[in-house]
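Chemist: Pasting the sequence and the predicted coordinates here, then a few questions.
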Amino acid sequence: DAKTTQPPSMDCAEGRAANLPCNHSTISGNEYVYWYRQIHSQGPQYIIHGLKNNETNEMASLIITEDRKSSTLILPHATLRDTAVYYCIVRVSGNTGKLIFGQGTTLQVKP
Amino acid sequence: DSGVTQTPKHLITATGQRVTLRCSPRSGDLSVYWYQQSLDQGLQFLIQYYNGEERAKGNILERFSAQQFPDLHSELNLSSLELGDSALYFCASSPAGRDRGWNTEAFFGQGTRLTVV
């Protein structure tokens, strides 16, 4: 399984963009990058996923480098409610779809 | 609201006992995943069921078992409980499968908080 490396914690000012990095240098060509977040012991919430192209939805943007060895999740205008643990996951290849979570990045949005 | 329902929300039981956690997936989702989250272990994948059959197994103890019923709801059975089994247990469902492919998002319930005393 491709492993991911994320900084353990980050701060962001309210209203500013939050850029959360993730390294996945051993990713295989057919493995997707997923982002989830968990707000204070609630169930993890899906944010976005992508294979090699940049992706955007109503929550965030995902920028994947051309070599696919790293990616960045961008929350364009962070609010206090975005304070959470953010998980970058490389989806296990194979016929299961299971997600293997790492330690994630604790994002603290400050007023 | 993810559409995944877990019951009960909280459960307190004694060591040595057996409990059953229930998960109702989103309508139409064939895949169900169980996860355990304890303070020192993070989110650990336990087991997956797809359309009634076990599909993948993770770090699930032999004292734990699961099943998925014909109506697609799933139950996680935990027996001979120990203090260390105290944790949040999450269920997730996904439309992943043979028709949709396996790279689809999974949606998590709000979890069952199990406390073993």
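Modeler: Yes, it's here. Just so we're clear, the structure is a prediction, and the values are computed from it rather than from any experiment.
Chemist: What does residue B:85 show for phi and psi?
Modeler: Torsion angles at residue B:85 (phi, psi; degrees, to the nearest 10) stand at phi -80, psi -10.
Chemist: contacting residues around it?
Modeler: Counting by CB atoms under 8 Å, 6 or more residues apart in numbering or on different chains, residue B:85 touches B:78, B:114, B:116. Any C-beta I mention is one placed from the backbone N, CA and C, and that applies to glycine too.
Chemist: Skip the chain neighbours and tell me the closest residue to residue 12.
Modeler: Going with chain A. Excluding its sequence neighbours, the residue lying closest to residue A:12 (CB to CB, 6 or more residues apart in numbering or on different chains) is residue A:18, at 4.1 Å.
Chemist: think we crossed wires, I meant chain B
Modeler: With sequence-adjacent residues excluded and distances taken as CB to CB, 6+ apart, residue B:12 is closest to residue B:115, at 4.7 Å.
Chemist: Same check on residue B:117?
Modeler: In this structure, residue B:117 finds its nearest non-sequential neighbour in residue B:14, 5.9 Å apart by CB to CB, 6+ apart.
Chemist: go on, residue A:106?
Modeler: Using CB to CB, 6+ apart and skipping residues adjacent in sequence, the residue nearest residue A:106 is residue A:9, 4.5 Å away.
Chemist: can I assume that neighbour is in contact with residue A:108?
Modeler: Yes: between residue A:9 and residue A:108 there is a contact at 7.0 Å, judged by CB atoms under 8 Å.
Chemist: who has more neighbours, these two?
Modeler: More neighbours surround residue A:108 than the other of residue A:9 and residue A:108, with 14 against 11 (other CB atoms under 10 Å in any protein chain shown).
Chemist: Enumerate the residues of chain A near chain B.
Modeler: A:32, A:34, A:38, A:41-46, A:49, A:87, A:91, A:94-104 (CB under 8 Å from any CB of the partner chain).
Chemist: For chain A, which segments count as strands?
Modeler: A:9-13, A:18-23, A:33-38, A:45-50, A:55-56, A:61-64, A:70-75, A:84-90, A:105-110 (DSSP state E).
Chemist: Now find how far off-centre the second one is within its chain.
Modeler: With CA atoms, centre = their mean, to the nearest Å as the basis, the distance from the averaged C-alpha position of strand A:18-23 to the chain average is 7 Å.
Chemist: cool, the last one as well?
Modeler: Here the centre of strand A:105-110 is set off from its chain's centre by 13 Å, with CA atoms, centre = their mean.
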